[in-house]
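J.: Structure for the following, please:
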Amino acid sequence: QTHSALKRIHEHFVDDNDLRVSRQDEVLDAMGVRDADSRAITTSLLMSLMAIFNRHDQLRLQFLCEQGKRQARKELELIAGLTPFAIDYCFLHALDGHTIPLNRVTIDYLKAGELVHPESTDEEIQGFLVRQISAAQAREFATLLHAEAMSAAHDAARKAAKPAPKRKKS
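T.: Residues are numbered from 1 along each chain as shown. Below you'll find the model as predicted:
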């Protein structure tokens, strides 16, 4: 869904600056989805784009690649609207930093599979995984974890949507 929504956004808006100055309803219309998650995502997206522009007078962050990883991470953390997942995702994939991006789906998957303590906070889980997974394996691990968690969530949603089998009357 994310890829198709991004494709529709890129087809609808001239560029990222056009997206930045758009109303949330227009972005939701372009995405073709209007649920609570989409509203939260567009709020975060628009807030982040505005924060980047206000701070750097541009929408590109290539300059972060020229900074040290610690400073680049601090810059990401200063961008209003970026979730911890978005910060970690950018840090791992764009800056080759050592982190494991986690979202609600991956955290729920880890807890349901009893792979982490069920009462652990999101930060504790993230810290635990970073200590267990080497920097060299972080990208592959994060990609596989996300794929597995999404697959499990999709399977669970499909099972929940299936009607229960009818019982034969005796």
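J.: does residue 91 sit in a helix or strand, and which one?
T.: helix 84-93 (DSSP states H and E).
J.: in that helix, what counts as buried?
T.: Within helix 84-93, the residues that qualify as buried are 85, 86, 87, 88, 89, 90, 91, 92, counting by 16 or more other Cβ atoms under 10 Å. Any C-beta I mention is one placed from the backbone N, CA and C, and that applies to glycine too.
J.: now that helix: how far from the chain's centre is it?
T.: Using Cα atoms, centre = their mean, to the nearest Å, the mean C-alpha position of helix 84-93 is found 8 Å from that of the whole chain.
J.: what does that helix contact?
T.: 44, 48, 61, 69, 72-73, 76-77, 79, 82, 97-103, 122, 126, 138-139, 142 (Cβ atoms under 8 Å, 6 or more residues apart in numbering).
J.: Where in the chain is the helix or strand with the lowest mean pLDDT?
T.: One helix or strand of the chain scores below all others by mean pLDDT, DSSP states H and E: helix 2-12, with a mean of 86.
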